[in-house]
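>>> Return a 3D structure for these sequence lines:
(chains A and B)
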Amino acid sequence: MHRRILITGASEGLGLELAKHYLECGDYVAGCSRSAVAIEHSNYSHYSLDVSNDDAVQEMFNALRRQGWSLDALINNAGVAGMNPVALMPPLAARRILETNFLGTFHFIRHAIRLLRRSKAGRIVNLTTVAVPLHLEGEAVYAASKAAVESLTKIVAREVGSFGITCNALGPGPARTRLTRNVPAEKIEALLSRQAIPRWTEFADVLNVVDFFLRPESSMVTGQVIYLGGVSA
Amino acid sequence: MNSITEELVLTAIRNLNLARRPEDQLQVSPSAPVFGPGSPLDSMGLVSLIIDIEELLFEKGYQVTLSDERAVSQKRSPFRDVPAMVTYINTLMAEHAS
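Residues are numbered from 1 along each chain as shown, chains lettered A, B, ... in the order given. I've put the predicted structure just below:
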């Protein structure tokens, strides 16, 4: 049975890899990003939008509905980071991080619940970060936005349980994506040294946990946050 | 318009009842309470009902969100009984059409 999976931030990084992977599995994937489509595939549809714009998100879901889509999984991957000590963080940049990471996740969950109810095994997976439990200097706003995502995850899990939908979060360590491109090497080394397994997160590490959350057998796993690399809350 | 909307609300209640225990069935009548005194519907049940009604409206070409700012700020809940829901939905549909 091929699933219908929605992935936000699907034009690069982990989101792009996840989209390609599930298309290879034969699933149908709807992706979105601010940038243009990065995948050409008959089972892929792309929507160019800003996840923080609820009207645009609503229009994407209307389009999916018109195409008769139900939804088996929502993967909230879209995110932005900004490394700055609080004293130097521009308020507009802080707002942008919160709107994309938290409100973007909220918008997609809110609309997706309606389509996920039609699935026998509806799944929501939100991306968080080890920066939340590690309380890293310079990442206050980014970590706070993801801490909000973690709270959202745990409460949504309770609210959608009766619909047969699970909601979980995955917190990778540093991965070689746009988010870490401008982080100084010594910062990354310091972060890795605080992990039990001090290496970069690879796509396969992320995929392993996302697959676990998506499995029909994981119907009792909900409201959980799994960090990679041996970081504990 | 009233009778069409009323039938839509009652259809959604009937659908909801299919998934509810015999002792938790909601009344299906034009004057039935929906949420609050006299109704066994809890808040998550109301969520389910609202989503069902939104879906039925969408199928009829109306893209309306029942849980907007006005719904949560009204002194008397527009979800308290079938007549209040019908009136509220008709208002939203008229705005959608204009």
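>>> who's in contact with A:Leu191?
With contacts defined as C-beta atoms under 8 Å, 6 or more residues apart in numbering or on different chains, A:Leu191 is in contact with A:130-131, A:134, A:136, A:173-174. Placement of C-beta: from N, CA and C, glycine included.
>>> Ok, A:Thr105 next?
A:51, A:76, A:126, A:149, A:152.
>>> What is the nearest of those to A:Leu115?
A:Asn76 (14.3 Å; C-beta to C-beta).
>>> ranges for the helices of chain A?
A:13-24, A:54-66, A:91-98, A:104-116, A:131-134, A:140-160, A:185-192, A:203-214 (DSSP state H).
>>> Can you find the helix or strand in chain B with the smallest mean pLDDT?
helix B:69-73 (a mean of 74; mean pLDDT, DSSP states H and E).
>>> for chain A, same thing?
Per mean pLDDT, DSSP H and E, helix A:185-192 ranks last in chain A, at a mean of 88.
>>> thinking again about what came up before, the least confident helix or strand of chain B: what's the following helix or strand?
helix B:82-97 (DSSP states H and E).
>>> Tell me the buried residues in that next one?
Residues of helix B:82-97 classed as buried: B:82, B:84-86, B:88-89, B:92-93 (neighbour count, 16 or more other C-beta atoms under 10 Å in any protein chain shown).
>>> Give me the subset of those that also touch chain A.
Among those, proximity to chain A is found for none (C-beta under 8 Å from any C-beta of the partner chain).
>>> can you redo those residues as a markdown table with pLDDT and distance to B:Ala19?
Converted to a markdown table, those look like this (pLDDT from 0 to 100; distance: C-beta to C-beta, whole Å):
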| residue | pLDDT | distance to B:Ala19 |
| --- | --- | --- |
| B:Val82 | 96 | 19 |
| B:Ala84 | 95 | 23 |
| B:Met85 | 95 | 19 |
| B:Val86 | 96 | 23 |
| B:Tyr88 | 94 | 24 |
| B:Ile89 | 94 | 22 |
| B:Leu92 | 90 | 25 |
| B:Met93 | 90 | 26 |
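>>> between the helices of chain A, which gets the lowest average pLDDT?
Out of the helices of chain A, helix A:185-192 stands lowest, with a mean of 88 (criterion: mean pLDDT).
>>> From the rest of the structure, what touches stretch A:221-232?
Contacts for stretch A:221-232 (C-beta under 8 Å, 6+ apart): A:128, A:130, A:133-134, A:150, A:153-154, A:157-158, A:161, A:166-173, A:192, A:194-199, A:201, A:205-206, A:209, A:212-213, A:233.
>>> buried residues in that stretch?
A:222-223, A:225-229, A:231.
>>> residue of chain B with the smallest distance to chain A?
B:Ile51 (5.3 Å; C-beta to the nearest C-beta).
>>> and that residue, helix, strand or coil?
Assigned with DSSP: H, G, I helix; E, B strand; the rest coil, B:Ile51 falls in the helix class.
>>> what about the residue lying closest to it once chain neighbours are set aside, distance to B:Val34?
In space, B:Ile51 comes closest to A:Arg114 once its chain neighbours are excluded; the distance is 5.3 Å by C-beta to C-beta, 6 or more residues apart in numbering or on different chains. A:Arg114 is 19 Å from B:Val34, where distance means C-beta to C-beta, to the nearest Å.
>>> Stretch B:69-79 near chain A at all?
No. Stretch B:69-79 lies out of reach of chain A by C-beta under 8 Å from any C-beta, never closer than 12.8 Å.
>>> how far does that stretch stretch from start to finish?
End-to-end distance of stretch B:69-79 (C-alpha to C-alpha, to the nearest Å): 14 Å.
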